[in-house]
Structures are given as C-alpha cells and as structure tokens.
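Q: Just to be clear, the model below is a prediction. Sequence and coordinates:
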Amino acid sequence: MLGRDLLVSEEKSVRVEVWSDVVCPWCYIGKRRLERALEGFEHAGEVEVEWRSFQLDPTHPKGVRQPVYEALAQKMGGSTAQIRAMTDRVKALAAEEGLEYDFEHSISVNTFDAHRLTHLAKAHGLGGETHERLMRAQLIEGETLDDVDTLVRLGAEVGVPADEARRVLEGDDYTREVEEDIREAQMLGATGVPFFVLNRMYGVSGAQPVELFLSALRTAYENEDAPAR
Amino acid sequence: MSASASPEAPAPDAVTAETTPEAPSIRRPVAQGLVVLGAEGAEACSDGTCW
C-alpha cells in the first residue's frame, strides 16, 4: 500500500464542524451517532471533527442556576410532572446510545464560560475531549457548568492545564471566539443544534440516524474536490 | 448507487427526494451554498427548546 505522503495530490479528506451546546441532549446523541458512523466509514482516518460553540439559551442570566425540570416548567408552562413525561423520549433514545441522562439532577446555567473553556482546550488540541467531558458532566452527572472550580476540574481531567483554565475563566479570553462561532452558525443557516457541516458544502441538521451520517461522510468525501459555491 | 449530492445539482424547492441510507436527500440550500442532507424534523434543540 502506498504511503499517504505519496498520495498528497489525490488525497481527500473531510472536515466536519459540529455546532453544539453542552446542555443540548440531542447534541450528545448526535455526537454518538456521528462516532458510530465514523466507525463504519472507510476513510475515517481522513476525517477531522471540530466542535463549534452554540448557545441554546444565550439569554439565560449568568450566575443563575436552576434545576432543569423547574426551568423547563417555568419556560414552557405546565407541571414538572408533565415536563418529566415530555423528556422520556429523549432519555430513551439517549439510552440506546449508552447515555443515561439524569435530568433530575441537571442544573440549567448559562453555558458561555463552558464554551470559552472548550476554546482554550481546542488550542491544546483537546476540543473534542473537553466537549465530551462537559456534556457528560451536564447531562449525566449533574455538575454545575458555570462554576469556575468545576470547569477547571473537568478540563484538567482531559488534560487542559488547570492554571491556564482558571486564568481564562476568571477573565474574558475566548469571548470573541465563542461569539464568532455562534454568528457563523447563524450565517450558515443553522436553526438548531446539533448542526453538522461537512467541508463547508453539506449540512446535516439534528441527531440524524447513523446511516445518514455515514452517507453524508461518503458524499462529502466523493465530492471533496468540487468547487465550493 | 452512490450518493448524488452534487453541489451543482440543487435548485431551491426543486429536490425533495426521500432520505435513504444510500442517498441522502438534498433538502434545501441555505446560506453560503450549503446543501442540507437528510430528513427535516430530525431531533434537535432550537430556541432553547429540545422537546
């Protein structure tokens, strides 16, 4: 087999950008489905996945923490019992992906700082690991993701230097990067998350089935040389 | 059959094929010429709501 360096001129690749929020239950499911698609993709080694920031609720006041069921009941109306019933479906589908969501203990917070941490992590080549860790912390472990100590600890668990994370979180570094990610999602026409963009040519909206992701990867790979419009 | 999502192919409102694992539908072009693959109404969160 020829080495990759001999194939540079014909080498194809797929860049997958994923707009996602750490509090988004469908985003974690979509992440798992994309990963499963990559397991079945014959060119997975030529795929680069980049996690981009999106805030589901940018108006959530900073510093305000509220149990998720309570926050949803307040926002949508209805009792917490009705809200619980409403979340059953996403919990069941998450369980199919091996994700045991625990909304009983999930805390609704403003996620801007969590995204700033993810951008720092990205600078260390740890963006994907950090996004995964934060989603697990939010949706499964009931961590409070606007708490600096919590974010520093979670980042450190995947290799983000703690002192650097604390300095970033106590200041305003990566604010512009988060804001630009959100703006870019809007520019690309994303109306919700997760939103997957392949080679800036194809979009996949939502936690689509694994087969769709696999097909999209193949489509992007096959059309990698097509001129961007 | 391989996927047929050529970036030149779609015209607005023109292509509405069903999604199959073999050939993702070209649903609608959006800003910057991005072609959206897959069925509409997939599970997603928007406007702060996921349910």
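A: That came in fine, so what should we check first? Numbers count the residues shown, from 1 in each chain, chains lettered A, B, ... in the order given.

Q: so residue A:114 touches residue A:148, yeah?
A: No - applying CB atoms under 8 Å, one finds residue A:114 not in contact with residue A:148, separated by 10.8 Å. Glycine gets a C-beta too; all of them are placed from N, C-alpha and C.

Q: Name the residue in those two with the higher neighbour count.
A: Legend: neighbour count by other CB atoms under 10 Å in any protein chain shown for residue A:114 and residue A:148, higher for residue A:114 (30 against 14).

Q: Helix or strand: which one has that one?
A: helix A:112-123 (DSSP states H and E).

Q: Helix or strand next in line after that helix, which one?
A: Using DSSP H and E, the first helix or strand after helix A:112-123 is helix A:127-139.

Q: And the contacts of that next one?
A: Here helix A:127-139 makes contact (CB atoms under 8 Å, 6 or more residues apart in numbering or on different chains) with A:20, A:22-25, A:27-28, A:31, A:49-51, A:94, A:99, A:101-103, A:106-107, A:114, A:117-119, A:121-122, A:143, A:145, A:150-151, A:154-155, A:157-160.

Q: same thing but 6 Å
A: A:22-23, A:25, A:28, A:51, A:101, A:114, A:118, A:121, A:143, A:145, A:154, A:158 (CB atoms under 6 Å, 6 or more residues apart in numbering or on different chains).

Q: what mean pLDDT does the next helix or strand after that helix have?
A: Downstream of helix A:127-139, the next assigned helix or strand under DSSP H and E is helix A:148-157. Mean pLDDT, computed over helix A:148-157, is 98.

Q: and helix A:148-157, what does it pack onto?
A: helix A:162-170 (3 or more CB pairs under 6 Å, 6 or more residues apart in numbering or on different chains; DSSP states H and E).

Q: The closest residue to residue A:60 other than its chain neighbours: how many residues sit nearby?
A: Among residues not flanking residue A:60 along the chain, residue A:110 sits closest, at 4.4 Å (CB to CB, 6 or more residues apart in numbering or on different chains). By the measure other CB under 10 Å, the count of residues near residue A:110 is 20.

Q: Quick check: residues of chain A near chain B?
A: A:24-26, A:56-57, A:86, A:187-189, A:191-193, A:201-208, A:211-212, A:215-216, A:218-219, A:226, A:229 (CB under 6 Å from any CB of the partner chain).

Q: Narrow those residues to those in strands?
A: A:202, A:203, A:204, A:205 (DSSP state E).

Q: hang on, the first one packs against residue B:37?
A: Spelled out, that is residue A:202. Yes - assessed by CB atoms under 6 Å, residue A:202 is found in contact with residue B:37 at 5.4 Å.

Q: which sections of chain B are below the confidence cut-off?
A: For chain B, applying pLDDT under 70 flags the ranges B:1-32, B:48, B:51.

Q: helices and strands of chain A: which one bottoms out on pLDDT?
A: helix A:68-76 (a mean of 87; mean pLDDT, DSSP states H and E).

Q: buried ones in that helix?
A: A:68, A:69, A:71, A:72, A:73 (16 or more other CB atoms under 10 Å in any protein chain shown).

Q: Same question for stretch A:132-152.
A: Quick answer for stretch A:132-152 (16+ other CB under 10 Å): A:132-135, A:137-140, A:143, A:145-147, A:150-152.

Q: Then stretch A:181-198?
A: A:181-182, A:184-185, A:188-190, A:192-198.

Q: From the chain's centroid, how far away is stretch A:174-192?
A: 13 Å (CA atoms, centre = their mean, to the nearest Å).

Q: How about residues contacting that stretch?
A: Looking at what lies outside stretch A:174-192 - CB under 6 Å, 6+ apart - the contacts are A:19, A:52-54, A:115-116, A:119, B:30-31, B:34, B:44-46.

Q: ok, and for stretch A:211-229, which residues are buried?
A: Neighbour-count burial for stretch A:211-229 [16+ other CB under 10 Å]: A:211-224.

Q: Could you count how many residues lie near the residue nearest to residue A:71 when sequence neighbours are not counted?
A: Distances taken as CB to CB, 6+ apart put residue A:108 closest to residue A:71, at 4.0 Å, once the chain neighbours are dropped. A total of 25 residues lie near residue A:108 under the criterion other CB under 10 Å.
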